[in-house]
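Student: A predicted structure for the sequence below; I have some questions about it.
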Amino acid sequence: MLTVVAGALLGTLFMTAFGQGATRQVSQALPGPSSRLLPVGPPTPLTVALHNGLRIQLPVAQGRVTAIGYHSSGDGVLPMMSLGHQGNAGALSRLAHKIFGGGGGGFVYYQLSGGDTAVLDVGAAPGTDVYAPVDGTIVGISDYILNGKAYGSRIDIQPSAAPSLVVSLTHLTPDPALTVGSAIAASTTKVGRVVDLSGVEKQALAKYTQDAGNHVSIELRPAATLTLP
């Protein structure tokens with residue numbers, strides 16, 4: 001009888017221990033609630049692109065970035081120099097970088113169209129907080145027009161380090177506290193949130209993300225050529 005009782009107790013302990021372990025494994029594999037996808041604070045300062053002496057900082061918290069991409073633009077946009085390395089570079093380009101060096105380091109970016117790095121797209125889920133990519137002053141807040149309709153806003157910033165230029169952000173809704181004339185600080189001042197454009201355009205960044213490729217876009221233009229609202 002003692003042998004039978006002892007065996008039953010051991011069996012119960014065995015099943016309980018393994019059952020709890022299985023439960024823990026399943027719960028860890030489940031995705032968190034959607035609210036956990038939203039950033040809880042500003043990004044750690046990280047320069048992702050340069051234009052002469054102007055540094056463009058990552059506008060989204062690092063843990064919320066889905067992908068980073070560049071594409072060309074024919075609207076007088078100035079090219080930026082990426083500080084990362086191209087994740088979709090061709091075999092010959094990768095071989096040349098291995099032999100001769102170069103190609104950047106740190107974060108990975110993708111060339112979305114053309115060969116220019118004129119427009120910087122930083123992928124993030126809709127609702128993700130967006131922070132200023134440069135120190136400066138807000139000089140314009142206007143509707144972002146797509147196919148004749150307004151989707152979010154365009155925010156124009158005059159950088160303190162390069163007052164002859166204007167940095168423009170699109171694909172976002174502005175923060176209610178933001179007004180023309182507001183002074184902003186890179187990686188510190190919240191300027192808005194990413195909007196969902198998946199229903200109105202096919203977003204090239206989606207090829208390198210696990211979602212629809214929503215993002216905030218950053219462009220750089222000479223101030224003299226920009227028509228402010």
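Tutor: In hand now; what should we look at?

Student: C-alpha from now on. contacts and neighbour counts both.
Tutor: Noted.

Student: Where do the domain boundaries of the protein fall?
Tutor: 1-30, 37-225 (automatic domain parsing).

Student: what distance separates the longest one from the centre of its chain?
Tutor: Relative to its chain's centre, domain 37-225 lies at 7 Å (Cα atoms, centre = their mean, to the nearest Å).

Student: quick one: least confident helix or strand in the protein?
Tutor: Here the helix or strand of the chain ranked lowest by mean pLDDT, DSSP states H and E is helix 2-29, holding a mean of 42.

Student: Check which helices and strands the following helix or strand past that one is in contact with.
Tutor: Next helix or strand after helix 2-29 toward the C-terminus (DSSP states H and E): strand 47-51. Packed against strand 47-51 by the contact rule (3 or more Cα pairs under 8 Å, 6 or more residues apart in numbering; DSSP states H and E) you find strand 54-57, strand 81-82.

Student: partners of strand 47-51 in the sheet?
Tutor: Sheet pairing here is set by DSSP bridges, and for strand 47-51 it gives strand 54-57 (antiparallel), strand 81-82 (antiparallel).

Student: List the buried residues for that strand?
Tutor: Neighbour-count burial for strand 47-51 flags Thr47, Val48, Ala49 (criterion: 16 or more other Cα atoms under 10 Å).

Student: With adjacent residues omitted, what lies nearest to Leu112?
Tutor: Nearest non-adjacent residue to Leu112, counting by Cα to Cα, 6 or more residues apart in numbering: His71, 5.2 Å away.

Student: Just confirm the one you found contacts Gly115, I think it does.
Tutor: Yes - the criterion here is Cα atoms under 8 Å, and His71 meets it with Gly115 at 7.3 Å.

Student: Which one of those two is surrounded by more residues?
Tutor: Set side by side, His71 and Gly115 show more neighbours around His71, with 19 against 10, by other Cα atoms under 10 Å.

Student: Model confidence for the more buried one, exactly?
Tutor: Per-residue confidence (pLDDT) for His71: 92.

Student: where's the spatially closest residue to Val194 that is not a sequence neighbour relative to Leu197, distance?
Tutor: What sits nearest to Val194 in space, not counting adjacent residues and going by Cα to Cα, 6+ apart, is Leu172, at 4.4 Å. Leu172 sits 10 Å away from Leu197, going by Cα to Cα, to the nearest Å.
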